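Colleague: Sharing a sequence plus its predicted fold:
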Amino acid sequence: MTTGKLSAGDIIEARCTKCREVLNHRIVAMVEEKVARVECNTCNGVHNYHAPPAVKAAKVPRTAAVGKARKSSTAPRASKKDPAEIEREEWASLNPTFDHAKALPYDMNTRYSARRLILHPVFGLGVVKTVTVPNKMQVLFKEGIKLLRCRYI
């Protein structure tokens, strides 16, 4: 690559549209001081000049004094618990405190409040976690949380 003034016939680096790589090209046409068209020395394709991508500068890591302190990139990431596993653990911790005799049979037209024990015909014993507006409630069963219909309080 030359460092002086460019002219037709000089060799320069350009991105080839056929080869899809930065290769040596011969200048075919120029408009004033700018390179307009080039010919690839590898595939002999003639196309408009496409400058090679600029080399990006390496990022300088921020120090604790300059910005917010960050966790070390070498520290292992803490694994997140599976949501189903969390629900099973919650069920296991609540199950011994249940009084099975006080469980209400589930009926979608009944009003329920949070922390109420219910007995569902399919899912079994469960505890109401939350009651939300469009007549829905989240109930924690042994298999996990289920969304059931109910009357809103």
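Modeller: Alright, I've got the coordinates.
Colleague: residue contacts, the residue nearest to residue 46 when sequence neighbours are not counted?
Modeller: The shortest distance from residue 46 to any non-neighbouring residue, by Cβ to Cβ, 6 or more residues apart in numbering, is to residue 39 (4.8 Å). Every C-beta, even on glycine, is put in place using the N, C-alpha and C of the backbone. Contacts were defined as Cβ atoms under 8 Å, 6 or more residues apart in numbering; by that measure residue 39 touches 25-26, 28, 45-46.
Colleague: for those, which one is nearest residue 59?
Modeller: Closest approach to residue 59 among the contacts of residue 39 (Cβ to Cβ): residue 25, at 31.1 Å.
Colleague: Not counting residues beside it along the chain, what's closest to that closest one?
Modeller: Closest to residue 25 by Cβ to Cβ, 6+ apart is residue 38, at 3.8 Å.
Colleague: On the strand side of things, show who the one you found bridges to.
Modeller: residue 27, residue 47 (DSSP bridges).
Colleague: Name all residues that make contact with it.
Modeller: Contacts of residue 38 (Cβ under 8 Å, 6+ apart): 12, 14, 25-28, 46-49.
Colleague: out of those residues, who has the most neighbours?
Modeller: Greatest neighbour count in those, by other Cβ atoms under 10 Å, goes to residue 25: 25 neighbours.
Colleague: Secondary structure element for it, which one?
Modeller: Using DSSP states H and E, residue 25 sits in strand 22-31.
Colleague: now, among the contacts of residue 38, which is nearest to residue 96?
Modeller: For these, the nearest to residue 96 is residue 14 (74.9 Å; Cβ to Cβ).
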